[in-house]
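> Next input, structure requested:
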Amino acid sequence: MKNLYISVAFLSLGFLGFSQGEGSGKVKKATANYENYSYDNAIERFEDAQDGSIEAKRNLATSYFKIGNTEKAEELFSTLVTTEGVTAEDVYTYASILQENKKYAKADEMMSKFNTMSPADSRGKLYKSAQGSALKLMQDKGQFSVKHLDINSKQEDFSPVYYQDKVLFASSREGVKSITRRWNRNHLPFLDVYQADKADNNDLSNATSFQRKLNKKYHEGPVCFNTEESKMILTRNNYKGKSSDGTVKLMMWIIEKEEDGKWGEAVAFPLNSAEYSVGHPSLSEDGKWMYFASDMPGGLGGVDIYKIEVKENNTFGKAINLGDKINTEGNELFPSIHKDGMLFFSSNGLVGLGGLDVFVAELKKDASIGKVMNLQTPINTNKDDFSFILDKNSKGGYLASNREGGKGDDDIYSFGLIKPFTWGKLIKGTATDKKGAILAGALVNLYDASGAIIQTATTTENGGYEFSVDADKEFSLDGNKKDYFEGENKASTKTEEDVIIADLMLEKDPGLSLYALITNKKTKAPLESVRVTLLDNLTGISEVFTTPTTGDLRKALAGKKLNDRGSWNITLEKEGFFTKTVTYGTTLDRPGQYDVHADLDLGLDPEVKDLAEMIQINPIKFDFNKYNIRADAQIELNKIVDIMNKYPNMVIELGSHTDCRGSAAYNEKLSDRRAKSSAKYIAGKITNPKNIYGKGYGENTPLNSCGGNCKACSDEEHDANRRTEFLIISTGSDVKVKNTSTNSFDKEE
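Okay, here's the model as predicted:
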């Protein structure tokens, strides 16, 4: 049978009597039964005396709900919610009944309708944002093992609490008092406080009355104790009178243990009132705070959970409502404070599986409320689950429930806590390589949004890692392991999910490297002390190396991965040699070493004053009286092109000379045209065209003068004087070529 003690939020003692202003006859009697919690009598009379009013229909449907006949209640409410005059609360009750009947899709539909009808109500808002949540809450996370206990009676047994080596609880079982009184709400005996022996496996046995003088004729229980077990706070009915609505409310009483070990007289809690209830106390480990439930004015609605400071001599501070992270317009009951900063409680207003669900709230060091979690299956069911307590070692505990399979109305269950509670969100993942192999022993760093490391972890044998973090934040991760490239990922806790998966993939370092052998171009021997500047064109990072006696360079390509593109400018400098810059580009499509000198010429040419010392240039021929470039001359000039492209900063002077035949003026003009024509040809094919220029010298600089008589010169002597010279004016580096040629002239001329 549905636990009537919980369903209206508090056990209140109703007094029979007819309410004023109701009609006459059977409906009036039925309404009186309903208002005095005699729901079975109300059902009998309402079934026989319906007057067609929506109030009578509502009371009949609600009466079935109160006695636990949710199937009949669903049938009646399904019609009621389509009737004119239906209220938002009618729709909410119907949705609650559907939950208890495990019709979650229909319940979500009704919760949406309720939210539309009452948009300010937090219950509707919560359910609207959590459509389909039942599927998640029914998942068993393997955190608890739950066991039904043989000590349960066929009546109500709930609110277990630890005391010495025993467990105390509230029960309506019979056979304790000489006169058994029953209350009209469920026709069960009134509640008393019992004690039971606790076994190591949390089984309970040998239930007996606890302190007979505490158990009076009406409701007693629940009860709680301070850590020293020298103070008891008891919930019981108000024995001094009823409220203005004709009900007896709950009050709390403080009882101190006297020197002889017996419990003294009860002292009333200062907030006791005939107009509202206070109860379900729980004391913090240091005894400075008491948590309790109350429907006192000023709450969020229904029954709320409060805390109050406990001062000396049983005086108290001001009651503090725990706020809307815990309290709703529904009922929040049975708070239980744990020494590890956890508050357990039950609610039918927060998103759950039906009836009361057990929740846990994180109590932060600054006294604020952190995350609030539904404990899910198997702690929670579609029925009422409540009065959850956890032992001081966080290994297990007890709760009460009227779930299917029990022995009575409300039964006590023991549970084992298999996995500890984690707050906020959990970021977890697995580190693997590119092929999916598990990487154990990798260091994983977790960064906050500012880039600061806030946590680190080392992957387990299964490659796993996890971090407990706050909700509604952004994070990033990286993983590091020897011989692997760093892996990165991001994680956001701005989600409804409690566990965020953020795996890391670390790519195996393929051992990529560059190898370069620098040699003397002329002798082919390795060159020592070559300054090598390696500029990564993709990153802009430049590094400088000096070759050893072996003339080689090895550079590990840290951060480069297979199939990356690589591009480097390589500048080679050595005193006495021309500076050279080459570009090496390749796709790194295989692991291992890349030999740059196999693809590029890394030989350095010794510095010279005449290109003839570097390359073999055959005579450049011109047709008689012509200065156009012939095909055979192009072959020779292209050799100069190759050199100047190899050394783009080299500056060359091209000088053309004639023999002495013809007039001096004509020969100077002809040679100048030939020189400039040759220079123009080269300039059009090199990187820096301004670095080549030509000038004609005519017959002014002969290699021989034939004794001063031009006619005396042989053909061979004329051929020797008719020539083109290529003189190196500058190498483009700090080292200048010493030029002693009398044919050289300043570039400014």
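> doesn't residue 475 make contact with residue 445?
No: Residue 445 sits out of contact with residue 475 when judged by CB atoms under 8 Å, with a separation of 10.4 Å. C-beta coordinates here come from the backbone N, C-alpha and C atoms, glycine included.
> Settle it for me: which of these two has more neighbours?
When residue 445 and residue 475 are compared for neighbours, residue 475 comes out ahead with 22 against 17, by other CB atoms under 10 Å.
> Please give me every residue in contact with that one.
Contacts were defined as CB atoms under 8 Å, 6 or more residues apart in numbering; by that measure residue 475 touches 427, 446-449, 467, 469, 490-493, 502.
> Tell me the one among those residues nearest to residue 583.
When these are compared for distance to residue 583 (CB to CB), residue 490 comes out closest, at 36.2 Å.
> show me the contacts for the closest residue to the closest one other than its chain neighbours.
Nearest-residue entry for residue 490: residue 476, 5.0 Å, with adjacent residues in sequence omitted and distances by CB to CB, 6 or more residues apart in numbering. Counting by CB under 8 Å, 6+ apart, residue 476 makes contact with 446-447, 451, 488-491.
> which among these gets closest to residue 656?
For residue 656, the nearest member of the contacts of residue 476 is residue 488. The distance, counting by CB to CB, is 64.4 Å.
> before we move on, the earlier item: most neighbours among the contacts of residue 475, which one?
Scoring the contacts of residue 475 on neighbours with other CB under 10 Å, the highest-scoring entry is residue 427 at 24 neighbours.
> separation between it and residue 545?
Using CB to CB, to the nearest Å, one obtains 43 Å as the distance from residue 427 to residue 545.
> Show me what the helix or strand where residue 31 lies packs onto, helices and strands only.
Taking DSSP states H and E as the definition, one finds residue 31 inside helix 25-35. The contact analysis (3 or more CB pairs under 8 Å, 6 or more residues apart in numbering; DSSP states H and E) places helix 25-35 against helix 39-48, helix 54-66.
> Dump stretch 242-249 to PDB, restricted to CA.
What follows is stretch 242-249, C-alpha atoms only, in PDB (Å, rounded to 0.1, in the frame of the first residue of the first chain):
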ATOM      1  CA  LYS A 242      -4.700  20.900  16.900                       C
ATOM      2  CA  SER A 243      -4.100  23.600  14.300                       C
ATOM      3  CA  SER A 244      -6.700  25.900  13.000                       C
ATOM      4  CA  ASP A 245      -7.500  23.500  10.100                       C
ATOM      5  CA  GLY A 246      -8.200  20.700  12.600                       C
ATOM      6  CA  THR A 247      -5.000  18.700  12.300                       C
ATOM      7  CA  VAL A 248      -2.300  17.900  14.800                       C
ATOM      8  CA  LYS A 249       1.100  18.900  13.500                       C
END
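> so how far is that stretch off the chain centroid?
Average the C-alpha atoms of stretch 242-249, do the same for its chain, and the two points are 51 Å apart (CA atoms, centre = their mean, to the nearest Å).
> Now that stretch: buried residues?
Within stretch 242-249, the residues that count as buried by 16 or more other CB atoms under 10 Å are 242, 247-249.
> So for that stretch, mean pLDDT?
In this model, stretch 242-249 carries a mean pLDDT of 81.
> How about stretch 433-443?
Averaged across stretch 433-443, pLDDT comes to 93.
> Make residue 1 into 11 and carry on from there
Right, with 11 as the first residue, what we last looked at is stretch 443-453.
> Could you work out the end-to-end span of that stretch for me?
Counting by CA to CA, to the nearest Å, the length from the leading to the trailing residue of stretch 443-453 is 14 Å.
> that older thread, which one, of the helices and strands packed on helix 35-45, ends up nearest to residue 551?
Residue 551 lies closest, by CB to CB, to one member of the helices and strands packed on helix 35-45: helix 64-76, at 73.8 Å.
> Tell me the first helix or strand C-terminal of the closest one.
Scanning onward from helix 64-76 (DSSP H and E), the first element met is helix 80-90.
> and residue 425, how many neighbours does it have?
Under the neighbour criterion other CB under 10 Å, residue 425 is assigned a count of 22.
> Wasn't it part of a helix?
No: when DSSP: H, G, I helix; E, B strand; the rest coil is applied, residue 425 is found to be strand, with no helix at that position.
> who's in contact with it?
For residue 425, the set of contacting residues under the criterion of CB under 8 Å, 6+ apart consists of 154-157, 389, 406-409.
> Looking at strand pairing, list the partners for it.
residue 156, residue 407 (DSSP bridges).
> Please report the distance of it from residue 39.
Plainly put, residue 425 is 45 Å away from residue 39 if you go by CB to CB.
> again, but for residue 570
Looking at residue 570 against residue 39, where the rule is CB to CB, the gap reads 90 Å.
> Can you give me the domain boundaries for the chain?
The chain breaks down into these domains under automatic domain parsing: 14-147, 155-163+239-427, 435-515, 523-614, 621-740.
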